[in-house]
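For reference, the sequence and a predicted model appear below.
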Amino acid sequence: MPLRRGPLPARIADAIGDFSVATPARFALIVFAGLTAVFTLLFALPVSTSSGHAAPFVDAVFTAVSVICVTGLSTVDMASYWSPLGHVFIFVGVEIGGIGVLTLASILGLIISRKLGLRQKLLAAGDANPLNLRKGMRADAQALQLGDTGGLIVTVAVSVLVIELAAAILLFPRMLLAGDDPWTAAWQSVYTAAMAFTNTGFLPSSTGLTPYAHDAWFLTVLMLAVGLGAIGFPVIHTLTRNPWRPRRWSLHVKLTIATFLLLLAGGAAMFLALQWNGAQAGLDPGQRVLQSLFQSSMARSGGFSTVDYAHLDGASLFVTDMLMFVGGGSASTAGGIKVTTLAILFLGAFAEARGVDDMEAFRRRIPPDVMRLGVSVVLWGATTVAAATIVLLAMTRARLDLVLFDVISAFATCGLSTGFTASASEPAQYVLAATMFLGRIGTVTLAAALAASTRRQLFRRPEERPIVG
């Protein structure tokens, strides 16, 4: 590679740009690890805690990981433990983590240069869809084309501001009616709106959602904000450009919306049936439906809760486990393996059952490399969850259902908890922090690495079929 000439800052920027495009997986790891280290130092400052004493290292690092990975799990009472400055750090951290570090870097580059270069376009396109990092030409239409990247970045910036502001405006009068003074209500509404859109689930009050546990207005606003954050920026980008023209929507958008709504309705129906004579006993029919929809929505990565999961029946916990593991849409603030991954697996299974070679959906053929990528993501997620669960069971001797619930919540960056996380030992909390980190960046970096490293093989080995099933 020829040596570059020019000012040192420009050469450093070029070197970083080359590195980010050449190895996006390593770049994401370094950026997320660096941000985690920075916020660990910030939370370890005495001014960050309400007591004025430095937070223990385990609490500082766990909170930093949870904030940057927009998970929502915590080892302390987030509302009372941190000072006003600490909550400002939390607010800034979840905005950075929720938007996505790679997309945020592209936004800053666009603002500074007023022109998005090829490196930044490749970087942002890879963040939205790892398959866009693949070398060579592709005939299939992706969810986001390289030329649309600048529009997507604008959509990210505008949607964050508009959706969070709209949610805060809708929550503000309800908080005033609850007895908060205008300044407190304004701050808490902005804070809660940000935690909803980023799918984090932290709340500024120690009472949590108790005052609003049956408030249809408050819970509906949270569900809408969480859903818009979890559905994915490429979907929002498409819907803002062609809201009433489904024929012009990409396959990714159609699959995401269809699977998203099916999981929301299916999860709500299962919670309604399982908790009819249990957690929802005594509620009127309207409240039963509202609580079931809220649980289904929050289990997909929202992290807010109106029930105590430690006292739910095993079937409800397992349904929540499944919904958390799937998560939300790709290139969103949600975690999990993503709804399109689940859709691809089912489409592949249906194609195999029908005896056809090609996967098809909405009159489009899906190439086999997408299936391989989906299987890799699911195996990575299942392996991470299994390994973390085995380690924690060996360390704590706690109940399997409680440990598995918090492990999946950590991996899927959901934030729901049975109470195991806060009561676990420090070594166990470190394991959960690592699970959060792997869950947030593991699937993305794995997908990007596999897509970017795909190479053409000029020979084929002899075929032989092993026995399966």
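Nice, thanks for sending it over. Numbers count the residues shown, from 1 in each chain.

would you put the C-alpha positions of the helix or strand where Y191 lies in CSV?
Using DSSP states H and E, Y191 sits in helix 182-197. Written as CSV, here are the backbone C-alpha positions of helix 182-197 (Å, rounded to 0.1, in the frame of the first residue of the first chain):
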residue,chain,number,x,y,z
PRO,A,182,-43.4,20.5,35.3
TRP,A,183,-39.6,20.3,35.3
THR,A,184,-39.6,16.8,36.8
ALA,A,185,-42.4,15.6,34.4
ALA,A,186,-40.5,17.1,31.4
TRP,A,187,-37.2,15.4,32.3
GLN,A,188,-38.8,12.1,33.1
SER,A,189,-40.9,12.1,29.9
VAL,A,190,-37.8,12.8,27.8
TYR,A,191,-35.8,10.1,29.7
THR,A,192,-38.6,7.5,29.4
ALA,A,193,-39.2,8.2,25.7
ALA,A,194,-35.5,7.7,25.0
MET,A,195,-35.4,4.4,27.0
ALA,A,196,-38.5,3.2,25.1
PHE,A,197,-37.3,4.0,21.6
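
Check which helices and strands that helix sits against.
helix 84-99, helix 149-177, helix 216-230 (3 or more CB pairs under 8 Å, 6 or more residues apart in numbering; DSSP states H and E). (Each C-beta comes from the backbone N, C-alpha and C, glycine too.)

List the residues that contact D284.
By CB atoms under 8 Å, 6 or more residues apart in numbering, the contact list for D284 is empty.

give me phi/psi at it?
phi -80, psi 160 (degrees, to the nearest 10).

what's the most buried one of the helices and strands packed on helix 182-197?
Mean neighbour count (mean count of other CB atoms under 10 Å) peaks for helix 216-230 among those, with a mean of 22.

what angle separates that helix from helix 182-197?
Interaxial angle of helix 216-230 relative to helix 182-197 (axes from the mean of the first three to the mean of the last three CA atoms, to 10 degrees): 50 degrees.

Packing partners of helix 216-230?
Contact here means 3+ CB pairs under 8 Å, 6+ apart; on that basis helix 216-230 packs against helix 149-177, helix 182-197, helix 251-274, helix 285-297.

and of those, who's closest to L347?
For these, the distance to L347 is smallest for helix 251-274, at 8.5 Å, taking CB to CB.

C-alpha coordinates for that closest one, PDB please?
Provided in PDB are the C-alpha atoms of helix 251-274 (Å, rounded to 0.1, in the frame of the first residue of the first chain):
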ATOM      1  CA  LEU A 251     -38.600  -8.100   0.600                       C
ATOM      2  CA  HIS A 252     -36.800  -7.300   3.900                       C
ATOM      3  CA  VAL A 253     -39.500  -4.700   4.800                       C
ATOM      4  CA  LYS A 254     -42.300  -7.100   4.000                       C
ATOM      5  CA  LEU A 255     -40.800 -10.000   5.900                       C
ATOM      6  CA  THR A 256     -40.000  -7.800   8.900                       C
ATOM      7  CA  ILE A 257     -43.500  -6.300   9.200                       C
ATOM      8  CA  ALA A 258     -45.300  -9.600   8.700                       C
ATOM      9  CA  THR A 259     -43.200 -11.600  11.200                       C
ATOM     10  CA  PHE A 260     -43.100  -8.700  13.600                       C
ATOM     11  CA  LEU A 261     -46.900  -8.500  13.700                       C
ATOM     12  CA  LEU A 262     -47.400 -12.200  13.800                       C
ATOM     13  CA  LEU A 263     -45.000 -12.500  16.800                       C
ATOM     14  CA  LEU A 264     -46.700  -9.600  18.600                       C
ATOM     15  CA  ALA A 265     -50.200 -11.100  18.100                       C
ATOM     16  CA  GLY A 266     -49.100 -14.700  18.800                       C
ATOM     17  CA  GLY A 267     -47.300 -13.700  22.000                       C
ATOM     18  CA  ALA A 268     -50.200 -11.700  23.300                       C
ATOM     19  CA  ALA A 269     -52.600 -14.600  22.600                       C
ATOM     20  CA  MET A 270     -50.400 -17.000  24.500                       C
ATOM     21  CA  PHE A 271     -50.000 -14.700  27.500                       C
ATOM     22  CA  LEU A 272     -53.700 -14.100  27.500                       C
ATOM     23  CA  ALA A 273     -54.400 -17.800  27.600                       C
ATOM     24  CA  LEU A 274     -51.700 -18.800  30.000                       C
END
